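S.K.: sequence unavailable; structure follows:
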C-alpha cells in the first residue's frame, strides 16, 4: 500500500475511534453505560475486586514464562479468565466488536483473526476496569488525608483509623458523664479496639470500595476522554491487531491498580518486623 492511501486510511480510522470514544465514554455515553451496572454487577463487584490480585499474578507469571521461552504455558496463563463477566464489560465488548466489524467493512479495520480480536477487546475492557480501581484508590487516599491526616494507599491502611474512629464515637456516646467529658476522657485514654473489629471494618470497606469501583467510571471515563487516554488506548489496540502480535506484558493500569495493596502489605510487614 502506498504511503498516501495508508495515511488516509489511518486518518479515517482515527476519526472513527474519536467518534466512538466520545459516544461511549463521554458524560452521556458513560451514564448510559453505567445503567447496566444496576443489577447483577453490584453482586459481582466484590468478588471481582478479590479476584483482581489473582488475575494480575496470572498475567505476570504468563509474561515471565513467555520471556523465558515457555510461550505455550505463558500464553495459556495469560488467556485465563478470572473475573466474573460484568454487564458493563459485556456492553463495551459488544460495541467494540461492532466498531471493528464496521471498520473492516470500510477497509479500515485490522486484518486479524476473530479470536485475536476477541482477546484484545477483553483486554481493553479489563484495563478500563483497572482504571476504575485506580480511581477508587485515589478516593480512599483522599478520605485518609482529609479525615485522618495520613496517607491511606489502600483499604488495609484505612481500616485501622476507620475502626478507631467508629469505636471512639461509640465510646463517647455511651460515656456516663456525657459527650463533652467523654471526648476529653477518650482523648487522654484512647479506646482499645480488637483485631477482629479492624478486620470486620476492612471487610466492610472492601465491599463498599467495590461498589464505588463499579460506578467510578462515571468520573474516570470523561476524564480519560478529555485527556485523550481512551482514544490512545483504542489506537494502541488497533495497532497491536494490525501488527498481528500479542503484547505479553501486563498493562501498566493493572500494576497501578494493585500498587495501593502492595504498599499496604509492605507497610504491615515492616511494622510486624519492627515489632
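M.R.: Looks like it came in fine. It should be emphasised that the depicted structure is a prediction, and the values quoted were computed from it without experimental measurement.
S.K.: ok, residue 62 touching residue 82?
M.R.: No: the pair residue 62 and residue 82 does not pass the contact test of Cβ atoms under 8 Å, sitting 11.8 Å apart. For every residue, glycine as well, the C-beta is placed using N, CA and C.
S.K.: so if I had to pick from these two, which one is more boxed in?
M.R.: residue 62 (23 against 15; other Cβ atoms under 10 Å).
S.K.: how near is that one to residue 141?
M.R.: Look at residue 62 and residue 141: by Cβ to Cβ, to the nearest Å, they are 30 Å apart.
S.K.: what ranges do the strands span in this protein?
M.R.: Along the chain, counting by DSSP state E, no stretch forms strands.
S.K.: any stretches of it with poor pLDDT?
M.R.: Within the chain, the ranges that satisfy pLDDT under 70 run 1-6, 56, 186, 189, 244-250, 265, 267-269, 271-272, 274-275.
S.K.: before we move on, back to that, what touches both of residue 62 and residue 82?
M.R.: Overlap of the contact sets of residue 62 and residue 82 (by Cβ atoms under 8 Å, 6 or more residues apart in numbering) is empty.
S.K.: count of residues packed around residue 201?
M.R.: Counted with other Cβ under 10 Å, the neighbours of residue 201 add up to 22.
S.K.: surely it meets residue 163?
M.R.: Yes: contact criterion Cβ under 8 Å: residue 201 and residue 163 qualify, at 4.0 Å.
S.K.: what's the burial count for residue 92?
M.R.: Neighbours around residue 92, by other Cβ under 10 Å: 22.
S.K.: how about it, nearest residue that isn't a chain neighbour?
M.R.: residue 125 (4.9 Å; Cβ to Cβ, 6 or more residues apart in numbering).
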